[in-house]
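> Got a sequence here, can you model it:
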Amino acid sequence: MLYLLFLTYAILGAGVKYIDDAFDKKIFSKPMAIAVTPFLSIIGAYSMIIDPVSATILLAVLCGVLLKGKIDNIAFALGFILVIIFAILAGAQFLILPLIILTAAAILDEVGNDYIDGKKDVLNMKNPLHVFAKYFLGQRWVMKTAIIYLVILNLVPLFFLLAMILFDYAYLSVNAYSHVKEKMTSATTMGKVIGTVGYIFK
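Just a heads-up that it's a prediction; the model follows:
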C-alpha cells in the first residue's frame, strides 16, 4: 500500500502545477482546475492518513506555500481547506521535529525558486555556480536535501525521498508542457495578427 504513494505524489505534483498555471498564466482551464481540486484534496488527504512521515512531508509543503503567500486563488484555497479538514477528521499523525525542519526547507524552496525566476536574464550558464544555483533552487532541492538529512538521522525512510522526487518532477513536467503550450499559443496569436494585417493592406 505504501508504494501507492509514488503514484499519489506524482499526481499531486502535476495537479498543483496544473492549477497554478490555470490561474497565474491562464494556460489551462480554470473551471477544470477547480473541478479537479476536490479529487486532488482526497488524494492528498489519503497520502497523509496512511503514514505519519507522508503526513509530515505534505503538511510541510502546505505550510511552506501558505507562509510564502502562494495560496492565492480559489482552487488552492479550497484544496488547502479540504486537505486539512480530511486529514484532521481521519486523525492524521505528524512528526514534530521533521515538520519544523521540512517546513523551513519548503519556505526556502519557495524563496529560492522565486529568486531564480527573477534572475533568469542575468544568469550565466557558462558559470558552474550559476548552473548549480539554477538547478538546485529552480528544481526545489532544499526540501529534498532536508529529507536526505532526516534519512541520515534515521528519522525518515529513503522511500519518501523518492516520492518527493516524483512529486517535484511531475510538477516540472507539467511546467515544461505549460511553456510549450504558451509558446504555441503565442505563435498562433502572432500568426493571426500578421494574417489580419496582411489582409488589411492587401
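> residue ranges for the helices of the protein, please.
4-24, 30-49, 52-67, 74-89, 96-118, 128-138, 141-152, 159-200 (DSSP state H).
> Show me what the fifth one is packed up against.
Pointing back at helix 96-118 there. Using 3 or more Cβ pairs under 8 Å, 6 or more residues apart in numbering; DSSP states H and E as the contact test, the elements touching helix 96-118 are helix 52-67, helix 128-138, helix 141-152. Any C-beta I mention is one placed from the backbone N, CA and C, and that applies to glycine too.
> just to revisit the earlier point, can you lay out the helices of the chain as TSV showing mean neighbour count and mean pLDDT?
Compiled in TSV, the helices of the chain are given as follows (neighbours: other Cβ atoms under 10 Å; pLDDT from 0 to 100):
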stretch	mean neighbour count	mean pLDDT
helix 4-24	20	94
helix 30-49	18	94
helix 52-67	22	94
helix 74-89	17	92
helix 96-118	17	90
helix 128-138	14	83
helix 141-152	19	95
helix 159-200	15	76
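> related to what we said a few turns ago, just tell me which of the helices and strands packed on helix 96-118 ends up closest to Thr103.
Nearest to Thr103, of all these, is helix 52-67, at 4.4 Å by Cβ to Cβ.
> Which secondary structure elements does the closest one sit against?
helix 30-49, helix 74-89, helix 96-118, helix 141-152, helix 159-200.
> Now distance to Gly13 too, for those helices, in TSV please.
Rendered in TSV, the data for the helices and strands packed on helix 52-67 read as follows (distance: least, Cβ to Cβ, whole Å):
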stretch	distance to Gly13
helix 30-49	10
helix 74-89	13
helix 96-118	13
helix 141-152	12
helix 159-200	4
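> Quick check: which of these is nearest to Leu2?
That would be helix 159-200 among the helices and strands packed on helix 52-67, by Cβ to Cβ, at 7.0 Å.
> Ok, which of the helices and strands packed on helix 52-67 comes nearest His130?
helix 96-118 (9.7 Å).
> Now do that closest one against helix 128-138, angle only.
120 degrees (axes from the mean of the first three to the mean of the last three Cα atoms, to 10 degrees).
> Pretty sure Lys25 sits against Glu182.
Yes - the criterion here is Cβ atoms under 8 Å, and Lys25 meets it with Glu182 at 6.5 Å.
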